[in-house]
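*Asks:* Dropping a prediction and its sequence here:
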Amino acid sequence: MLNVLAAHSLVDLLDRDVARVPAAIAVRDRTDAGMIEWPYREYAAQVYRLARLLKERGVTSGQTVGILLPNCRWWGVAFLAVQALDAVAVPIDIRLGVDETAAIVKAAGITVLVAAAHFKEKTGALVPAGVRLAQLVELDTHAAQGALGGEPTPLPRLGMRCNPAVIIYTSGTTGTPKGVVLTNANLLTNVADLLDLLEISAQEHFVSVLPLNHVYEITGGFLAPLALGASVTYASSLRPDIIFKTIRDAEMTVMMVVPAFLRLFMERIKVEAAKQAGARFTMALRLSKALLRCGIPAGRILFRQLRAHVSPRFKCFISGGAPVDPELVFEYAALGLTVLQGYGLTETSPVIAVNTLRHNRLGSVGRPVASAELRIEPVEGRAQGEGELWVRGALVFKDYFRAPELTAAAFHMDWFRTGDLVRMDRAGYLHICGRIKNLIVTEGGKKVVPEDIEHVLLHCPFVLDACVLGMPGKEQGEEPVAVIVPAREKAAALCGTDHAAQDALVRRELQAALAGIADYKRPRRFVFLDELPRTATLKVKRHELRRMLE
């Protein structure tokens with residue numbers, strides 16, 4: 001494995017791969033016609049051809065360049081071409097509307113945009129939305145081979161580790177977009193941290209489905225394989241059947257995922273297994289769970305064929321973005337499939353802690369990475385040892401773009417205040433307890449962690465999804481309100497298709513599930529929706545829900 005910290009810029013990683021393993025497969029795209037793959041030699045050639053084109057179009061060092069591309073091999077070409085010019089990449093979520101896209105383009109000062117040719121309708125609508133682009137570079141992401149001409153060799157560059165490499169615009173779940181500036185050093189440090197902890201090598205086959213406008217996928221699903229000289233396959237679709245087939249065909253070993261993906265994938269596994277084995281699968285799963293609770297991991301033996309069906313070389317899913325239900329991780333373990341939960345924020349490049357193949361503690365997010373220094377600051381009303389997590393180290397971001405006051409508010413001296421409630425156990429594993437800004441303060445001064453209540457609600461068999469919010473009480477303070485996505489099909493099996501009857505059933509089940517918790521924590525009302533609004537990484541947009549309920 002390469003010494004990642006010896007690199008000065010992200011594109012140095014590509015140059016090293018070309019020197020070491022020029023013929024190794026770098027990227028694959030799944031298309032209707034089959035897999036299109038490029039070795040590192042071809043990948044680099046496309047990067048430097050695009051870099052020369054961008055230079056001809058006027059891109060200079062330090063300039064922000066927008067990237068509006070889907071997950072595919074061309075996304076990496078655009079990102080690394082920008083780095084090759086010492087410019088700053090600004091990946092934009094392709095799911096955003098025109099006004100949201102325009103707001104990011106204007107906020108980041110983008111005058112050059114690299115976009116997919118099939119996004120012509122959206123890019124054409126940016127001018128009426130008030131965007132002034134000096135250059136629009138369109139790429140045919142569906143083309144089997146690169147259509148770029150020019151010299152495929154590197155350009156002179158400074159490659160300063162302290163220079164900004166990317167600005168990640170994230171509204172998270174608050175609705176207020178922020179541009180998080182991450183340097184080459186931030187990202188290289190976090191990649192080095194990951195590779196030191198995780199037992200992965202150049203022989204890994206990554207599959208990428210999470211949006212590349214988020215640093216979680218950039219660091220774990222793009223830069224980590226680049227640092228290793230490994231391969232990445234892009235599924236080109238979010239359809240579960242296509243993702244499942246891509247994982248199998250690519251012989252996936254490692255994949256970055258979010259909890260919502262794990263839930264859907266588990267459902268898919270159970271449906272497929274039920275078709276093949278029926279009641280035998282259910283009995284084998286129960287046996288495997290019982291053995292696992294006794295400390296006997298029999299899943300790899302009992303479900304050897306299932307593992308091979310998922311991917312013959314499966315190593316692990318790495319879950320981030322939101323807390324994952326420990327029981328779901330346990331169920332994967334019972335099937336012989338490893339899930340490693342980690343934790344981080346965009347501002348920390350992003351990984352602060354992660355479980356590993358050798359040290360995987362259920363319910364925790366793992367031990368801190370080497371470059372992260374942690375401090376748990378006590379919070380009034382919380383249990384001893386529990387408090388707000390503060391972080392400092394080379395992984396912490398530079399600043400919020402053009403927002404000095406926002407940057408200052410995020411720090412205490414050189415400590416970044418994460419806003420997350422955490423505790424650390426005696427073995428050094430970090431446990432996430434909730435978000436400070438999500439805390440519900442009741443009229444009596446009691447503090448309620450909504451994530452605790454959501455955990456109870458999500459274990460009700462008639463609930464598909466749930467979110468708990470603090471809404472204004474009748475007099476003072478807040479009261480918990482639960483927004484529920486009911487499992488209509490299950491409810492219909494008991495009380496028919498009438499939604500009012502189904503809602504009554506779900507309410508009774510929820511009240512029974514909540515009977516064991518303190519009265520002040522119980523939601524004062526339930527609101528039923530068909531689905532919860534979510535971000536591109538499937539976090540619930542609490543601000544939108546709150547507006548809906550006001």
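*Replies:* Yep, it's here. The model shown is predicted, which means the values in this text are computed figures rather than measured ones. Numbers count the residues shown, from 1 in each chain.
*Asks:* contacts for the one helix or strand in the chain whose mean pLDDT sits lowest?
*Replies:* Counting by mean pLDDT, DSSP states H and E, the chain has its least confident helix or strand at strand 447-448, which shows a mean of 85. With CB atoms under 8 Å, 6 or more residues apart in numbering as the test, strand 447-448 has contacts from Gly381, Arg382, Leu439, Ile440, Val441, Thr442, Gly470, Pro480, Tyr520, Lys521. Yep, even glycine has a C-beta here, placed from its N, CA and C like the rest.
*Asks:* Can you give me the buried ones in whichever helix or strand comes after that strand?
*Replies:* Going down the chain from strand 447-448, the next helix or strand is helix 450-457, by DSSP states H and E. Going by neighbour count (16 or more other CB atoms under 10 Å), the buried part of helix 450-457 is Pro450, Glu451, Ile453, Glu454, His455, Val456, Leu457.
*Asks:* One more: stretch 203-215?
*Replies:* In stretch 203-215, counting by 16+ other CB under 10 Å, buried: Glu204, His205, Phe206, Val207, Ser208, Val209, Leu210, Pro211, Leu212, Asn213, His214, Val215.
*Asks:* Relative to Glu380, how far out is the residue sitting furthest away from the middle of the chain?
*Replies:* In terms of distance from the mean C-alpha position of the chain, Glu475 ranks first, at 39.1 Å (CA atoms, centre = their mean). Going from Glu475 to Glu380 by CB to CB, to the nearest Å gives 22 Å.
*Asks:* same question, Val339
*Replies:* Distance from Val339 to Glu380, by CB to CB: 34 Å.
*Asks:* Compare the two and say which is more crowded by neighbours.
*Replies:* Neighbours were tallied for Val339 and for Glu380 using other CB atoms under 10 Å; the higher tally belongs to Val339 (21 against 6).
*Asks:* Closest one of the buried residues of helix 450-457 to Leu532?
*Replies:* Of all the buried residues of helix 450-457, Leu532 sits closest to Glu454, with 10.9 Å by CB to CB.
*Asks:* so how far is Tyr40 from that closest one?
*Replies:* According to CB to CB, Glu454 and Tyr40 sit 44 Å apart.
*Asks:* Then Leu357?
*Replies:* Counting by CB to CB - Leu357 and Tyr40 are separated by 26 Å.
*Asks:* Helices of the stretch 201-350 of the chain, start to end?
*Replies:* Applying DSSP state H, counting those that start in this stretch to the stretch 201-350 of the chain gives helices spanning 215-217, 224-228, 240-249, 259-277, 279-293, 299-302, 304-310, 326-334.
*Asks:* Then the stretch 51-200 of the chain?
*Replies:* All helices of the stretch 51-200 of the chain, identified by DSSP H, counting those that start in this stretch, fall at 73-84, 98-107, 120-124, 184-197.
*Asks:* what's the angle from the first one to helix 184-197?
*Replies:* Between the axis of helix 73-84 and that of helix 184-197 there is an angle of 130 degrees, by axes from the mean of the first three to the mean of the last three CA atoms, to 10 degrees.
*Asks:* Run through the neighbouring helices and strands of helix 73-84.
*Replies:* In terms of contacts (3 or more CB pairs under 8 Å, 6 or more residues apart in numbering; DSSP states H and E), helix 73-84 is packed against helix 10-20, strand 25-31, helix 40-56, strand 64-68, strand 88-91, strand 112-116, strand 135-139.
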